[in-house]
Structure formats: structure tokens, C-alpha cells
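Asks: turn this into a structure:
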Amino acid sequence: MPEWLIEAGIGEERAILVEQGEILAARILWDEPWRAGAVTEARLVGRIPGTRRTVVRLPDGSEALGEGFDPALTEGRPVMVRVTRSAIAERGRTKLPQVRPAAGEALKPAPSLLEELAAGPYPVRDVPVHGRAFAEAGWDDLVAEALTGEVAFAGGNLVVSPTPAMTLIDIDGPPPLPALALAAAPAIAAALLRFDIGGSVGIDFPSLADKAQRRAVDEALVAALEAAGWQGERTGMNGFGFVQLVARLERPSLVARFARAPAAAAARRLLRQAERVAEPGTLLLTAHPAVRRAMLAEWEAELARRTGRRLQWHEDAALAPAATFAQAVAA
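Replies: You can find the predicted model right below:
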């Protein structure tokens, strides 16, 4: 039976759904102040002209987009709201959190990752960061795929790209194209869960002129999505090979997080590497200067506290931001 494993990292909680040593799904929780499931009091700021949406101000002064509010509510009115989606960073902007009315509900923080997963059908187990469970399941490979957006499968590759409108998945590989498209279907279903991709997803299959071939790919994709337990809606393949999926969106996917905040993602990865150093000595953290700038002082303090070590930095501008390294050196 699949099992969720959770690591309580510094600046990041991470979870993987593992079955027979393989990662079926993953979740990452950063320090978003407002996440899905939180119930709080807000104040109606105004309405967006030409829409039924509202803007509300949350207790910390930040704003969120509201849906489903009574049109008779006046500006400045206090309202109870439930957060349905956390903020999602994009190039040059951030999509605000989304909220809906929660009249009569009590104040409640968002569920922790443990609480959220424990409400599902699979058992949940905490594992230590310095243990082997994540490594043996292939966590490092998953992170590498999410950082590049590239996923290899038998016969080709997927290229996963987050955009403001949707997550795009492109299929690359040699002909024959019908066989390539069929082979991509289970890889796509797996990537959706492994990267925690929700919302609108566009899949660019190779163009197939024959309707029977397109129907076969549609059936293969439906079967793969059902087998993976994916829930949402989909269109059939059009003549250009395009398929659209739509699922609930509550948080950024792994690829979206890493693409929009690469230095912050690399800093969290470096912290995990440092916690796993077994040899004695001072911890030497090697990274690009942008990663050092993204490292919060409280994260460094927590790393020193958890490991009981002194920290030392080596910045190298020639390194790629993702190329972080932690090792023990003589004091």
C-alpha cells in the first residue's frame, strides 16, 4: 500500500507518496502566509469592475481575490473567508490568494502538511532528514526533473513549462509519432502527481492526422490518468495534437516553485544537503552568490542549531544556482 513520508526541513516541509520504492506523488510546503484551508476574518476592499470578483484585505494587510460574495455587501465590511488557493508567483507578478465566504465558521489556520495528508486514504509517517528514505525513493532525481522541467520516458521526453495561463507539457521524441504519443500518456499522468501539478494543463502531443490514432491516444491518456488517481476534466485531442486538462489548483507545483524562485529553491536544497553531512567538522556551504542572498538568517541559525556546527560559506559565481554543495571541513 502507498505511504506518505514527510521530512520537516528548514524553510520547507516535503512529502512523497511511495510505493515499492517509487515516488508516486510529491508535495512541498514553503512559508506561504495564507494557504488553502485557512479560515480568517477579512475586510471587503472593493469589487473588480466587469466581474463578480471582490478584493479583500487579510489580517496581515495583504490582499486576496474573493469569489461568491453577496453583491449587497458594502466596502469596508468585515467578512469571514476561507482560503481556497495560496498565492502563486509568476514572472514579474504574483497571483493573489483566492478566498470564498465562510460565514459562521470559526477562525482556523491552514492544515499542516501532516494534517492535510492524514485526511487522505494513505498512512503518513515522519522520517528524519538525515535518514535514507527520501534518497532511496529517488528524491534527488525528482528535484532534478522539477528544476529542469524535463522528464525522460521510454522513447522520448516531456518538457514541463509553467506559464501564467497554464502548465504546458510538450512531447519530444523520434517517429513513429503515434507510438511516441501513446508512450507519453503514462509519463504525463505520472508527472502530474510527481510534480503536484494542478489548474489548467495544456499537452502538446505530436500532430496526428488520423482520427483513429488520436482516439487511441485519448483512450491511453484516460486510462493512465485513472490509474494514477488524477481527478479533473479533459478535452479530446484536436487536429493539432493539443489536449487540455483542468484540475483543482490550491498551491504552486514543484516546477512552478523552482522556476519562479530558483535561488530560494536552491537555498532550501543546500540546507537539506547540509543536514545530511555525516562527517565531523565545520559545515562548508558552497553556492552561487544568488543562493547566498536567498538564504535567510533564521534558516542559517536553525541549521547551526540542528547540526551543532559552525557554518562557513564559499561563494562561486561560476556555479549554476542549482549546483549547491555542503561538506565538512576542519575547523
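Asks: who does Ala247 form a beta bridge with?
Replies: Using DSSP bridges, the bridge partners assigned to Ala247 are Gly199.
Asks: list the contacts of it.
Replies: Ala247 makes contacts with 192, 197-199, 201, 230-233, as judged by CB atoms under 8 Å, 6 or more residues apart in numbering. The way it works is simple: take the backbone N, C-alpha and C, and place the C-beta from them, glycine included.
Asks: the strands in the stretch 151-300 of the chain, which residues?
Replies: Under the criterion DSSP state E, counting those that start in this stretch, the stretch 151-300 of the chain contains strands at 156-162, 167-172, 199-204, 233-234, 242-247, 282-287.
Asks: which residues touch the shortest one?
Replies: Under the criterion CB under 8 Å, 6+ apart, residues 221-222, 225, 243-247 lie in contact with strand 233-234.
Asks: report the buried members of those residues.
Replies: 221, 225, 243, 245, 247 (16 or more other CB atoms under 10 Å).
Asks: I'd like to know how many residues surround Met1.
Replies: 6 (other CB atoms under 10 Å).
Asks: now the angle from the strand or helix carrying Gln327 to strand 282-287?
Replies: Using DSSP states H and E, Gln327 sits in strand 325-329. On the basis of axes from the mean of the first three to the mean of the last three CA atoms, to 10 degrees, strand 325-329 is oriented at 150 degrees to strand 282-287.
Asks: before we move on, the earlier item: any chance of the strands of the stretch 151-300 of the chain in TSV, plus mean pLDDT and distance to Leu117?
Replies: Shown next, in TSV, are the strands of the stretch 151-300 of the chain (pLDDT from 0 to 100; distance: least, CB to CB, whole Å):
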stretch	mean pLDDT	distance to Leu117
strand 156-162	95	23
strand 167-172	95	22
strand 199-204	96	20
strand 233-234	94	24
strand 242-247	96	18
strand 282-287	96	31
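Asks: right, so of those, which gets closest to Gly131?
Replies: Gly131 lies closest, by CB to CB, to one member of the strands of the stretch 151-300 of the chain: strand 282-287, at 18.5 Å.
Asks: okay, now the sheet partners of that closest one, with direction.
Replies: In its sheet, and by DSSP bridges, strand 282-287 pairs with strand 311-315 (parallel), strand 325-329 (antiparallel).
Asks: and that strand, which residues are buried?
Replies: Neighbour-count burial for strand 282-287 [16+ other CB under 10 Å]: 283-287.
Asks: quick check, nearest of those residues to Ser86?
Replies: Ala287 (26.9 Å).
Asks: is that closest one in a bridge, and if so with what?
Replies: Residues in beta-bridge contact with Ala287 (DSSP bridges): Glu315.
Asks: quick one: the residue nearest the centre of the chain from Gly229, how far?
Replies: Nearest to the mean C-alpha position of the chain, counting by CA atoms, centre = their mean, stands Ser253 at 2.5 Å. Per CB to CB, to the nearest Å, Ser253 is found 17 Å from Gly229.
Asks: could you do Pro33 as well?
Replies: 30 Å.
Asks: distance of Gly138 relative to Gln20?
Replies: 12 Å.
Asks: pLDDT of stretch 44-54, averaged?
Replies: Mean per-residue pLDDT for stretch 44-54: 81.
Asks: show residues contacting that stretch.
Replies: Residues contacting stretch 44-54 (CB under 8 Å, 6+ apart): 55-57, 63, 65-67, 69, 71, 73-79.
Asks: which phi and psi does the closest residue to Gly66 other than its chain neighbours have?
Replies: Residue nearest to Gly66 in three dimensions, not counting chain neighbours: Thr54, with 4.0 Å by CB to CB, 6 or more residues apart in numbering. Dihedral pair for Thr54: phi -120, psi 170, per degrees, to the nearest 10.
Asks: export the strands paired with strand 282-287 to a markdown table and tack on distance to Thr163 and mean neighbour count?
Replies: Output for the strands paired with strand 282-287, formatted as a markdown table (distance: least, CB to CB, whole Å; neighbours: other CB atoms under 10 Å):
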| stretch | distance to Thr163 | mean neighbour count |
| --- | --- | --- |
| strand 311-315 | 32 | 14 |
| strand 325-329 | 32 | 15 |
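Asks: and the ones you listed: which comes nearest Gly149?
Replies: strand 325-329 (22.6 Å).
Asks: output the closest one as CSV, restricted to C-alpha atoms.
Replies: Taking Å, rounded to 0.1, in the frame of the first residue of the first chain, the C-alpha atoms of strand 325-329 are listed here in CSV:
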residue,chain,number,x,y,z
PHE,A,325,27.2,21.6,-2.2
ALA,A,326,27.7,21.0,1.5
GLN,A,327,30.7,19.3,3.2
ALA,A,328,32.5,19.1,6.5
VAL,A,329,35.9,20.7,6.8
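Asks: sounds good, over and out.
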